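S.K.: Sequence and predicted structure below; questions after.
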Amino acid sequence: MDDEKHGAGQVPPRVRPVTQGVYECLLLDLWPTPSAVIYFGIESQRHYGALQHAVCEDEVTPEQLDQALGNGTALTALIRPENPYHGVGFKTVWDALRG
């Protein structure tokens, strides 16, 4: 049996569903769900724009986005200097819980 497959030949998702949803919203220029907004620290249009530019122009992958879920520092690091929203800082509720 292939390591990538399980069950009835299904391939397990490479990223969490909330991440896939945010990624698709950024590509389609749609606002993410309320839970996604919380997990990714999207506090304003600037935060959304920064992530959208990172995905659409800087080719941030769904896997990179998934690794940063719930981590404001990691999300901020995805925003490169050439991003027009560079300098926006991300914070998530998970940051506060971790202390």
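M.R.: In hand now; what should we look at?
S.K.: got the CA positions of the lowest-mean-pLDDT helix or strand in the chain in CSV?
M.R.: Lowest on mean pLDDT, DSSP states H and E among the helices and strands of the chain sits helix 93-98, with a mean of 90. C-alpha atoms of helix 93-98 as CSV (Å, rounded to 0.1, in the frame of the first residue of the first chain):
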residue,chain,number,x,y,z
VAL,A,93,-5.1,33.9,20.0
TRP,A,94,-2.7,31.0,20.1
ASP,A,95,0.2,33.4,20.7
ALA,A,96,-1.6,34.7,23.8
LEU,A,97,-2.3,31.2,25.1
ARG,A,98,1.3,30.1,24.7
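S.K.: what comes into contact with it?
M.R.: Contact partners of helix 93-98, identified using Cβ atoms under 8 Å, 6 or more residues apart in numbering, comprise 38, 39, 41, 70, 71, 72, 73. C-beta here means a position set from N, CA and C on the backbone, and glycine is covered the same way.
S.K.: same question, stretch 38-49
M.R.: Here stretch 38-49 has contacts from 18, 22, 26, 31-32, 36, 51, 65, 68-70, 72, 75, 84-85, 88, 90-95, using Cβ under 8 Å, 6+ apart.
S.K.: and it, how far out from the chain's middle?
M.R.: Distance of stretch 38-49 from the chain centroid (Cα atoms, centre = their mean, to the nearest Å) equals 10 Å.
S.K.: Wait, a strand at residue 79?
M.R.: No. Using DSSP: H, G, I helix; E, B strand; the rest coil, the secondary structure at residue 79 is coil, not a strand.
S.K.: quick revisit: go through the least confident helix or strand of the chain and flag the buried ones.
M.R.: Within helix 93-98, the residues scored as buried using 16 or more other Cβ atoms under 10 Å are residue 95.
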